[in-house]
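Undergrad: Structure here, sequence nowhere to be found:
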């Protein structure tokens, strides 16, 4: 099956992303993002019961993460 070209939205450093948006941006499932949150492996902020991801923190985390 051919891989679809999916446009990845451009975010600014001021944007706050949801778990779904982070999953799409990173290219993993939403469940993987929540697993990383539970382990404390991905920078995030809790706002009440919601988990949010400041884009500038996500970008810095991705730049430091080694490519596997």
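TA: Nice, I can see it. Given the structure is predicted, the values throughout are model-derived calculations rather than measurements.
Undergrad: what does the longest strand along the chain contact?
TA: Using DSSP state E, we find that the single longest strand of the chain is strand 50-54. For strand 50-54, contacts defined as C-beta atoms under 8 Å, 6 or more residues apart in numbering pick out 15-19, 21-22, 34, 37, 42-46. Yep, even glycine has a C-beta here, placed from its N, CA and C like the rest.
Undergrad: try it again with 7 Å
TA: Residues outside strand 50-54 that contact it (C-beta atoms under 7 Å, 6 or more residues apart in numbering) are 16, 17, 18, 19, 22, 37, 44, 45.
Undergrad: all strands for this protein, in order.
TA: 16-17, 45-47, 50-54.
Undergrad: got the buried residues for the second one?
TA: Just to be clear, that refers to strand 45-47. In terms of neighbour count (16 or more other C-beta atoms under 10 Å), strand 45-47 has no buried residues at all.
Undergrad: That strand pairs with which strands?
TA: Sheet pairing of strand 45-47 (DSSP bridges) gives strand 50-54 (antiparallel).
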